[in-house]
Structures are given as structure tokens and as C-alpha cells.
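Colleague: Next one to model:
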Amino acid sequence: MRIGEAVKKRIVQLCVERKITLNKLATISGITQSTINNITGGRNKSATVSTIKKICDGLEMSIKDFFDSELFDNLEQEII
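Modeller: Got it, this is the predicted structure:
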């Protein structure tokens, strides 16, 4: 799995766990609905650390906790 796909899945996973919509996540994170849609829809394959930090702040979790998921184990090497 590539990092963009893992981030996308993690965001969706966290929303399901917390029983919130992607729209609610955008609101509490202070980022636009279109940004969340682009990440979770696969159009944005590389969310910035700043965006992930805003999501973490909205969910009241640390970046460390965000990445503490089996989704980030064994990621494919990405060579550009």
C-alpha cells in the first residue's frame, strides 16, 4: 500500500470509529470539505503534514496516534 492510500483509509477509519461524517471532520478540523473529499476520494494522493496535523487537532489526537495503525506497516517504497 502507498502512503496516500493509507492516509485515506486511516481518515475514514477514524471517522467510523468516532461516528462522525467527513463533513463534520472538515468542520472540526478547520479544513475545507473539498480537501477532505480530495484526500478520501483519492484525487489528492499526498496530504500535507499540515493537513494531517489539522485533522489530528480536530480529532483531539496526536500525529503519533494518527500513524499508530497497522495501515502504515509495510508501506511500499515510493520512488518519484
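Colleague: Okay, now the unreliable bits of the protein?
Modeller: Residue ranges of the chain with pLDDT under 70: 80.
Colleague: the longest helix in it is where?
Modeller: helix 3-18 (DSSP state H).
Colleague: Can you list the helices and strands that that helix packs against?
Modeller: helix 22-29, helix 33-40, helix 63-67 (3 or more C-beta pairs under 8 Å, 6 or more residues apart in numbering; DSSP states H and E). Any C-beta I mention is one placed from the backbone N, CA and C, and that applies to glycine too.
Colleague: one more time with 6 Å
Modeller: On a contact count with 3 or more C-beta pairs under 6 Å, 6 or more residues apart in numbering; DSSP states H and E, helix 3-18 meets helix 33-40.
Colleague: how far does the helix it packs on sit from the chain's center?
Modeller: Put simply, helix 33-40 sits 10 Å off its chain's centre (C-alpha atoms, centre = their mean, to the nearest Å).
Colleague: coming back round to it: now the angle from the longest helix of the chain to helix 22-29?
Modeller: Put simply, helix 3-18 runs at 90 degrees to helix 22-29, going by axes from the mean of the first three to the mean of the last three C-alpha atoms, to 10 degrees.
Colleague: Could you list the residues in contact with helix 3-18?
Modeller: The set of residues external to helix 3-18 that reach it, using C-beta atoms under 6 Å, 6 or more residues apart in numbering, is L25, I39, T40, K45, S46, A47, S69, L71, F72, L75.
Colleague: same thing but 10 Å
Modeller: 1-2, 20-25, 28-29, 36, 38-42, 44-47, 51-52, 55-56, 59-61, 65-76, 78 (C-beta atoms under 10 Å, 6 or more residues apart in numbering).
Colleague: Now which of those residues would you call buried?
Modeller: 22, 25, 28-29, 36, 38-40, 44, 47, 51-52, 55-56, 59, 66, 71 (16 or more other C-beta atoms under 10 Å).
Colleague: Nearest residue to the middle of the chain?
Modeller: Nearest to the mean C-alpha position of the chain, by C-alpha atoms, centre = their mean, lies I11 at 3.8 Å.
Colleague: correct me, but I63 touches S69?
Modeller: No: taking contacts as C-beta atoms under 10 Å, I63 lies outside contact range of S69: 12.0 Å.
Colleague: If anything else comes up later, I'll come back, but that's it for now.
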